[in-house]
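Asks: Sharing a model prediction with you, sequence too.
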Amino acid sequence: MPGVYFHWPFCRKKCPYCDFFTTFPFPDLVEAYYGAVLQELNNYSELDQEVTSVYFGGGTPSLLSASRLDRILQTLYSRFKLHPKAEITLEANPENLTRERLNDYFKLGINRLSLGAQSFADSELATLGRGHRAGRVEHIIKQARELGFQNISVDLIFALPRQTLAGWERNLAEVVSLPVEHVSAYCLSWPEKTVFAGKRKKGEFAPLSEDEELAMYRLTQEILAANGFNQYEISSFARSRFRSRHNSLYWENQPCLGLGAGAVSYDGKTRRRNAVPVRKYIKDILHKGSAVDFSETLSPEEKMGEAILLALRTSSGLDKQKYRREFNQCVEQRYRETIASLVKENLLIDTVEALYIPAEKMALADAVIREFL
């Protein structure tokens, strides 16, 4: 099992654009959930496969105390074999971090921080409902560096309501000036049942045009590339040797164990999802030993489709030989007309080794992928 994901679903407040599964950290609920996660982890037999990536996501994992995080990690080490240089990531909100907490996390073996900056403009942070000011991110990064962190990632969101291209350029200029190894830049989406979606329906907010979104995306590619960040996935940019190991497991369709409410596991054949909400997850773990409430075994057709969908999100694209080995099929024959049409439209590059979307067309990846499905 190359990857292990822990979901820590607690947030002190819900961001108005977020549709991830989160809940408020009532002390009794946090304690019960913590115990259930440990029990779920202990239910797994020792595995021979080496774990190369551990990821604490949320929610807000930086609300986890060092003592609880230590107990989870020690339990993990007792159940699985970790690669000596395993990547251990903690998602963190800047307002939750202190020098003391950063030091505790570093001593426990957290070697990658993923900071939810989202913007470097206070007005935009207010729109996004974030709990920190722009200068806080630089302060936290400086402290993390002093304590020994050598792998720091920053998340940003573009195409915010009323955001201009010049405003987004200032965000990019700020992030490339910081000592970070990775940047994730996401275009704002408008999921149903979020506060943003409600404001959109009322006419209080309006999405930017597709042309404006595209201009921002291309500016992102241009500025990050010019400053040493190589794009390796639609929204992901990294300095040499600092690609997210955990997210790469997903894009390479590798097995990953998901622990916690709503977490998803995949073993290469079957996908399983744990129950939500938190109280149901806790109840199922305590009474049944498992919180799985959905399971599906993928058909060969579904696996082939997912292999293409995930690979074409990346700059390296679909490895033809790997596809042939795994599915005993030649992708060029199976999708001959689709490939020819996309190549003609300059939306796809077809080489002896791979199929991939050119960088200048990566913004259209979803439309390209749909042609194969």
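Replies: Arrived safely.
Asks: residue contacts, residue 170?
Replies: 120-121 (CB atoms under 8 Å, 6 or more residues apart in numbering). Backbone N, C-alpha and C define where each C-beta goes, glycine included.
Asks: Show me the residue at the heart of this protein, geometrically.
Replies: residue 247 (6.0 Å; CA atoms, centre = their mean).
Asks: Identify all contacting residues around the helix or strand where it lies.
Replies: Residue 247 belongs to helix 245-251 when assigned by DSSP states H and E. With contact meaning CB under 8 Å, 6+ apart, helix 245-251 is reached by 2-3, 5, 52-55, 87, 89, 232-233, 236, 255-256, 310-311, 313-314.
Asks: Distance check, the closest residue to residue 339 other than its chain neighbours against residue 331.
Replies: Take residue 339 and drop its neighbours on the chain: the residue closest to it by CB to CB, 6 or more residues apart in numbering is residue 350, 5.8 Å away. Residue 350 sits at a distance of 10 Å from residue 331 (criterion: CB to CB, to the nearest Å).
Asks: picking that back up, restricted to buried residues, select the contacts of helix 245-251 in ChimeraX.
Replies: Remark: buried members of the contacts of helix 245-251, expressed as a ChimeraX selection using 16 or more other CB atoms under 10 Å:
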select :2,3,5,52,53,54,55,87,89,232,233,236,256,310,311,313,314
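Asks: Among the contacts of helix 245-251, name the ones in strands.
Replies: Of the positions in the contacts of helix 245-251, 3, 5, 52-55, 87, 89, 232-233, 236, 256 sit in strands, assigned by DSSP state E.
Asks: now the strands: where do they sit in the stretch 251-373 of the chain?
Replies: 256-259, 264-266, 270-274, 292-297, 318-319, 349-350, 354-356 (DSSP state E, counting those that start in this stretch).
Asks: So which of the ones you listed is the most surrounded?
Replies: Mean neighbours per residue, mean count of other CB atoms under 10 Å, is largest over the strands of the stretch 251-373 of the chain for strand 256-259, with a mean of 23.
Asks: List the contacts of it.
Replies: By CB under 8 Å, 6+ apart, strand 256-259 touches 1-7, 37, 40-41, 44, 246, 249-250, 264-266, 272-274.
Asks: Three-state assignment for residue 17, please.
Replies: coil (DSSP: H, G, I helix; E, B strand; the rest coil).
Asks: For residue 291, see how far away the closest residue in space to it that isn't next to it in sequence is.
Replies: Excluding the flanking residues, the one nearest residue 17 by CB to CB, 6+ apart is residue 196, at 4.6 Å. From residue 196 across to residue 291, the span is 30 Å (CB to CB).
Asks: Identify the residues contacting residue 330.
Replies: 320, 324.
Asks: let's see it at 10 Å
Replies: 320, 323-324, 336 (CB atoms under 10 Å, 6 or more residues apart in numbering).
Asks: Of the residues you listed, which is the nearest to residue 147?
Replies: Distances from residue 147 to the contacts of residue 330, taken as CB to CB, are shortest for residue 323 (43.4 Å).
Asks: Just give the nearest non-adjacent residue to the closest one, would you?
Replies: Excluding the flanking residues, the one nearest residue 323 by CB to CB, 6+ apart is residue 331, at 5.0 Å.
Asks: what's the burial count for the closest residue to residue 229 other than its chain neighbours?
Replies: Of all residues beyond its chain neighbours, the one nearest residue 229 is residue 237 (3.9 Å), with distances taken as CB to CB, 6+ apart. By the measure other CB atoms under 10 Å, the count of residues near residue 237 is 27.
Asks: does residue 237 really touch residue 243, like I thought?
Replies: Yes. Residue 237 is within contact range of residue 243, at 9.4 Å (criterion: CB atoms under 10 Å).
Asks: and for those two, which residues touch both?
Replies: 181-182, 230.
Asks: Now the buried members of these.
Replies: By 16+ other CB under 10 Å, the shared contacts of residue 237 and residue 243 give 181-182 as buried.
Asks: Tabulate the shared contacts of residue 237 and residue 243 in TSV, adding columns for secondary structure and distance to residue 212.
Replies: Below are the shared contacts of residue 237 and residue 243 laid out as TSV (DSSP: H, G, I helix; E, B strand; the rest coil; distance: CB to CB, whole Å):
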residue	secondary structure	distance to residue 212
181	coil	29
182	strand	26
230	strand	25
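Asks: On the pLDDT front, check residue 193 for me.
Replies: On pLDDT, residue 193 comes in at 88.
Asks: how much space between it and residue 224?
Replies: As judged by CB to CB, residue 193 and residue 224 stand 32 Å apart.
Asks: cool, residue 308 as well?
Replies: Separation of residue 308 from residue 224 (CB to CB): 26 Å.
Asks: wouldn't residue 22 be in contact with residue 13 here?
Replies: Yes. Using CB under 10 Å, residue 22 is in contact with residue 13, at 9.3 Å.
Asks: who has more neighbours, the two?
Replies: Per other CB under 10 Å, whichever of residue 22 and residue 13 has more neighbours is residue 22, with 22 against 11.
Asks: For that one, list the residues it contacts.
Replies: 7-15, 58-60, 261-262, 278 are the contacts of residue 22 under CB under 10 Å, 6+ apart.
Asks: Would you mind measuring from the closest residue to it other than its chain neighbours to residue 101?
Replies: Nearest non-adjacent residue to residue 22, counting by CB to CB, 6+ apart: residue 11, 4.3 Å away. Counting by CB to CB, the gap from residue 11 to residue 101 is 17 Å.
Asks: what does residue 174 give?
Replies: 24 Å.
Asks: Would you map the helices across the stretch 251-373 of the chain?
Replies: For the stretch 251-373 of the chain, the helices defined by DSSP state H, counting those that start in this stretch cover 278-288, 300-311, 320-327, 331-334, 336-344, 365-370.
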